[in-house]
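> sharing a sequence plus its predicted fold:
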Amino acid sequence: MVDITPSNARQWSRLGSRGVFGQAILAVAENYPQMMVMSADLGNSSGLDRFKKTYPDQFLNIGIAEQNMIGVASGLAKEGYNIFVTSFAPFISMRAAEQIRMNLGYMEMNVKAVAIGSGISMAFLGNSHYGIEDAAVMRAIPNMTVVSPADCAEIFKVVEAAAEFKGPMYIRLTGAVNNPPVYTENYDFEIGKAIVLKEGSDVNIIACGTMVYESLEAAKILEEQGISVGVINMHTIKPLDTEAINKLIGKSKLLVTVEEHSVIGGLGSAVAEYTCQFKDTPPQLRLGLPDAFGKTGDYRYLLEKYDLVGPKIANSIQGLLREVS
Amino acid sequence: MEKITYPEIVDMAKVMRLKMLEISYNCTLSTHLGGGLSMTEMMATLYARVLRFDKKDPRWEGRDRFILSKGHGVLGYFSALVAAGVISEEVYNTFQTNESDLIAHPVMNLDLSIESSNGSLGQGLSMAVGIALAAKKKNAPFTTYVLLGDGECNEGSVWEAVMSAGQLRLDNLVAMVDYNKLQSDGAAGQIMDLGDLANKFRAFGWDAYDIDGHKIDQLVNAIEAPKVEGKPRVIVANTIKGKGVSFMENNNEWHHNRLTRANFDLAIAEVNLVATNPGEANG
């Protein structure tokens, strides 16, 4: 089990999501001799260089062929291997979407698909490399579990849990280097079980990935203005922890979802799909990326541009809260 | 008079043709008869002679694995399973009825010896590569067989898989291509000409055979030839779509079609004429 300490959290944050994924898979592999990691020729960019050197027989670069990678991984999984396949978010989730649908969804092969650099962290590499619709696509496939860790410590937790989990999973890594830490001490993590980071009675924010940290920042700002704000880390987008959401209905003036993903089809949609059936469901503010392929810039610039940083999230919430109060 | 070699396989092919006509007619729906009939000798050879399996224990670890990548070829697949006694007549006769395990494409079900779900073309070889690779890593002696359609080879993912099998030196993998030269919309040569398929595979590091896919001795010889170390094997089986029923042969109307009573009776009568015992053949 990973030991989360303030100093570890600082180190991981500097290393960023990919580097930490590489560390986590290296650490976890020790306990799983049947583990294999595959890459479609992005091993080094996925933080897997040390894994490759340490476990050369358990690493396979299948070439730039994501569709074949999913099929080969499924054949290996069928014969008992514990497989993690990795590539950048759009390539693994969408180039190989139908292979994932057939092999992971339909046949429920025990394959974990890891999307490196999802969201907009690829910055100047541009929209070709962004993962803005991946959660929507993966979430729509029956039998898929979709997970989006909040920070680097949680990447460790997710990799540990995924290695133990039997069944197909899509792991969506957002954030880059200097990924701000949400967790600096040990905590319990379970796939499918949301974590209440802060309770609140006026507004409740449900967030995943990098937006958990930004939501906590927004909550601080709003609390200073006397608004009571809760924050929930909904690291598992599917299956959605509906029990956690039930506790918010009727107890909030406003629900807010925040994600580094298009406002179409991701966490915000998942929450709305569930809550729309209840008569006392509060209005929901869905914050995320616009349904557009915009001009690009550096990561921080883009998060600011799309109002996905703490102060701007606080602003958006204030605006709507005035209307609904 | 031509001597019948491998009469048990010829007999199984005949039984399979009768069986597939029966369920096609009985289900009252359109079925993929043309491509089922073209693969019959390949499947009969596999299930009557080549594949190692245990009817009583379909999950036996040591079994050879078979993947039907051209998923719409279920008539040629399920008829082999029932003819070999792997699935019961009762299960077989549920074909294309509500909630059946046997529909127009394979649905993974190890109890019925169906290794994988297929239907989306161009995916079976990738899974077969993964299975064969697992066998290599575990030192398991089984062989992985996969049957592809020619139309399916239009899919780029097939060639990703072909490349990887060569690279991974999977000499425990045997692919068979049902090269009947007709695909859904018409002549393969006019839609996307695959040309010399055997040489295409050779260029990717495979040990390739180019044979008549209805000649049992050619099939047996190609499958059983000593393996070439480090090379996966492909058997490009030149076949006739609709083989065995003259009005269906090379007639793409039977790619996916429904049998009338008259058609059914004609087809059954014709298949029944096939000689299966040595000495009976009329050459």
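That came through fine.

> contacts and neighbour counts: CA atoms only from here.
Noted.

> what about B:Leu273, neighbour count?
Here the count is done by other Cα atoms under 10 Å in any protein chain shown, and B:Leu273 has 9 residues near it.

> let me fix that: B:Asp101
Counted with other Cα under 10 Å, B:Asp101 comes out at 18.

> just give the closest residue to it, not the sequence neighbours.
B:Val107 (6.9 Å; Cα to Cα, 6 or more residues apart in numbering or on different chains).

> looking at B:Pro278 now. What's its pLDDT?
Listed pLDDT for B:Pro278 reads 66.

> what number of residues lie near B:Gly36?
Neighbour tally, B:Gly36, other Cα under 10 Å: 28.

> okay, the residue nearest to it when sequence neighbours are not counted and A:Leu104: tell me how far apart.
Computed as Cα to Cα, 6+ apart, the closest residue to B:Gly36 that is not its neighbour in sequence is B:Gly76, at 4.3 Å. Using Cα to Cα, to the nearest Å, B:Gly76 is found at 26 Å from A:Leu104.

> mind listing what's buried in stretch B:76-85?
B:Gly76, B:Tyr77, B:Phe78, B:Ser79, B:Ala80, B:Leu81, B:Val82, B:Ala83, B:Ala84 (16 or more other Cα atoms under 10 Å in any protein chain shown).

> just give me the neighbour total for whatever residue of the stretch 1-150 of chain B ends up closest to chain A.
For the stretch 1-150 of chain B, the residue closest to chain A is B:Gly130, as judged by Cα to the nearest Cα, at 3.9 Å. By the criterion of other Cα under 10 Å, B:Gly130 has 28 neighbours.

> same deal with the one 5 residues further on?
Residues lying near B:Ala135 (other Cα under 10 Å) number 21.

> and the helix or strand harbouring A:Leu320, what's buried?
Element membership for A:Leu320 (DSSP states H and E) is helix A:310-324. Buried residues in helix A:310-324, defined by neighbour count with 16+ other Cα under 10 Å: A:Gly310, A:Pro311, A:Lys312, A:Ile313, A:Ala314, A:Ser316, A:Ile317, A:Leu321.

> where is pLDDT lowest across the residues you listed?
Here the lowest pLDDT out of the buried residues of helix A:310-324 sits on A:Leu321, with 91.

> show the contacting residues for that residue.
A:Lys253, A:Leu254 (Cα atoms under 8 Å, 6 or more residues apart in numbering or on different chains).

> and it, how close does it get to A:Lys251?
14 Å.

> cool, A:Ile155 as well?
Taken as Cα to Cα, the span from A:Ile155 to A:Lys251 is 31 Å.

> when those two are compared, which one has more neighbours?
Taking other Cα under 10 Å, A:Ile155 and A:Lys251 do not tie; A:Ile155 has more neighbours (28 against 17).

> tell me the buried residues in the helix or strand in which that one is found?
Assigned by DSSP H and E, A:Ile155 belongs to helix A:152-164. By neighbour count on 16+ other Cα under 10 Å, the buried set for helix A:152-164 is A:Cys152, A:Ala153, A:Glu154, A:Ile155, A:Phe156, A:Lys157, A:Val158, A:Val159, A:Glu160, A:Ala161, A:Ala162, A:Ala163.

> before I go, just wanted to say thanks for your time.
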